[in-house]
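Participant: task: produce atomic coordinates for the following.
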Amino acid sequence: LLRSMLDNHPELIVYPEETYFFRKFLPMSEGSTLKEQLALAEEHLIHIFKWNVSDPPADQAGYPDRDYQRTISFDEVCRYMKALAGEKLDHSGDVLSAAILAYGNAAGTGADSKKWWVEKSTYNELFFSQMIKWWPNARFIHVVRDPRDNYASYRRKHPEWSASFFARNWLRSTESGLLNQEAVGPEQYWMLRYEDLTSQPEETIKQLCAFLSIEDSSTLRIPTRNGEVWKGNSMFAERFEQISSNPVGRWEADLDSQDVYIIQKSCERTMEKFDHEIQATHAERITFRSRVEVVLIKIRNLLAKRK
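Facilitator: Numbering: from 1, shown residues only. Here you go, the predicted structure:
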């Protein structure tokens, strides 16, 4: 949701898809020459500009509605990216910068006049030490959602995900964010509650503009992707064209007592830091297996902190 709110702001270039740059591209490109990195970028960063609805390429699987080819020329993005990369990279992160700025130029938004470029990929927070080294003046917005609602949403797309698997990952992500914020301060790393974003949009937009030092704009209230009205990525198959609080609290109807127990008992201390109210559970209904799952999550989390 946040990316779609920022998408059409006149002071920003917002990349329309997740790049998974740190999790996938970097390991793949390690030790590569500039020419090789740019070739990999064509396949794994800017490939999305070949996506279309009439003859979608194989890597568009799961995104049948995307049609970037209609408005963005892949060849033009490629040309801009190579020109921006120049003859030498200061660091591998320059490839990501070049790809995003190239998209801005190809889209006709005038990359040179923008204040920030924006990229959102899940688990970016785990690579914070590298990001702050490459971009010391960057701003980071880490959206934190009630893990029960988050799980209720995600499991519709990933039915194989168990509550314990999700709880481990939510805990790792959120606690990493708290450490990142502690390292640089809230003026550079903002932990934004999803519930505030959806229930208090005007106040959150005011805070967002102050955080990024950008002007308020009506575009922040109209979610878009690549400049076109965004219908939402809700995993509940709903379509909407404005900021909505409808997804908040759905977990109460969608999750069973075992899943609620596993998530709450595993994440309760961190949930409380974000004012996610813990619901009372009936101890007599909780299975032995669920109790063991919680113990294992806590042990794994403790071991991870000691590494």
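
Participant: got a list of what W135 touches?
Facilitator: G93 (Cβ atoms under 8 Å, 6 or more residues apart in numbering). All C-beta spots, glycine's among them, are computed from the backbone N, C-alpha and C.

Participant: can you pull out the strands in the protein?
Facilitator: 12-14, 116-118, 140-144, 189-193, 224-225, 228-229 (DSSP state E).

Participant: tell me the mean pLDDT over the second one?
Facilitator: When pLDDT is averaged along strand 116-118, the result is 97.

Participant: quick thing: my sequence starts at 101, can you match it?
Facilitator: New numbering, starting at 101: the last item is strand 216-218.

Participant: ok, longest helix in this protein?
Facilitator: Counting residues, the longest helix in the chain under DSSP state H turns out to be helix 263-284.

Participant: now it and strand 240-244, what's the angle there?
Facilitator: Using axes from the mean of the first three to the mean of the last three Cα atoms, to 10 degrees, the direction of helix 263-284 lies 150 degrees away from that of strand 240-244.

Participant: what about helix 263-284, distance to the chain center?
Facilitator: Put simply, helix 263-284 sits 13 Å off its chain's centre (Cα atoms, centre = their mean, to the nearest Å).

Participant: what do you get for stretch 280-298?
Facilitator: On Cα atoms, centre = their mean, the centre of stretch 280-298 falls 14 Å from that of its chain.

Participant: quick one: end-to-end distance for it.
Facilitator: 24 Å (Cα to Cα, to the nearest Å).

Participant: pretty sure Q358 contacts S264?
Facilitator: No - using Cβ atoms under 8 Å, Q358 is not in contact with S264, being 10.0 Å away.

Participant: tell me which of the two has more neighbours.
Facilitator: S264 (20 against 17; other Cβ atoms under 10 Å).

Participant: mind checking pLDDT for the residue lying closest to that one once chain neighbours are set aside?
Facilitator: In space, and not counting its chain neighbours, S264 is closest to E393: 4.3 Å by Cβ to Cβ, 6 or more residues apart in numbering. Note on E393: pLDDT of 90.

Participant: E393 - how many residues pack around it?
Facilitator: 22.

Participant: next up, the contacts around it.
Facilitator: Here E393 is in contact with 263-264, 362, 366 (Cβ under 8 Å, 6+ apart).

Participant: for it, give its distance to Q364.
Facilitator: Distance of E393 to Q364, computed by Cβ to Cβ, to the nearest Å: 12 Å.

Participant: mind listing the helices for the chain?
Facilitator: Using DSSP H, helices in the chain cover 102-106, 126-129, 134-144, 174-185, 193-206, 228-234, 247-257, 263-284, 294-299, 301-312, 351-354, 357-373, 388-406.

Participant: possible to save these as JSON lines with distance to E328?
Facilitator: Listed next are the helices of the chain as JSON lines, based on distance: least, Cβ to Cβ, whole Å:
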{"stretch": "helix 102-106", "distance to E328": "10"}
{"stretch": "helix 126-129", "distance to E328": "30"}
{"stretch": "helix 134-144", "distance to E328": "24"}
{"stretch": "helix 174-185", "distance to E328": "17"}
{"stretch": "helix 193-206", "distance to E328": "14"}
{"stretch": "helix 228-234", "distance to E328": "29"}
{"stretch": "helix 247-257", "distance to E328": "22"}
{"stretch": "helix 263-284", "distance to E328": "29"}
{"stretch": "helix 294-299", "distance to E328": "21"}
{"stretch": "helix 301-312", "distance to E328": "21"}
{"stretch": "helix 351-354", "distance to E328": "30"}
{"stretch": "helix 357-373", "distance to E328": "35"}
{"stretch": "helix 388-406", "distance to E328": "41"}
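
Participant: now E295, nearest residue through space, not along the chain?
Facilitator: Counting by Cβ to Cβ, 6+ apart, E295 lies nearest to V348, which is 5.5 Å off, once chain neighbours are set aside.

Participant: from what I see, that neighbour and S299 are in contact.
Facilitator: Yes - contact criterion Cβ under 8 Å: V348 and S299 qualify, at 6.7 Å.

Participant: who touches the residue nearest to E295 in this structure?
Facilitator: By Cβ under 8 Å, 6+ apart, the neighbours of V348 are 246, 249, 294-295, 298-299.

Participant: buried subset of those residues?
Facilitator: 246, 249, 294-295, 298 (16 or more other Cβ atoms under 10 Å).
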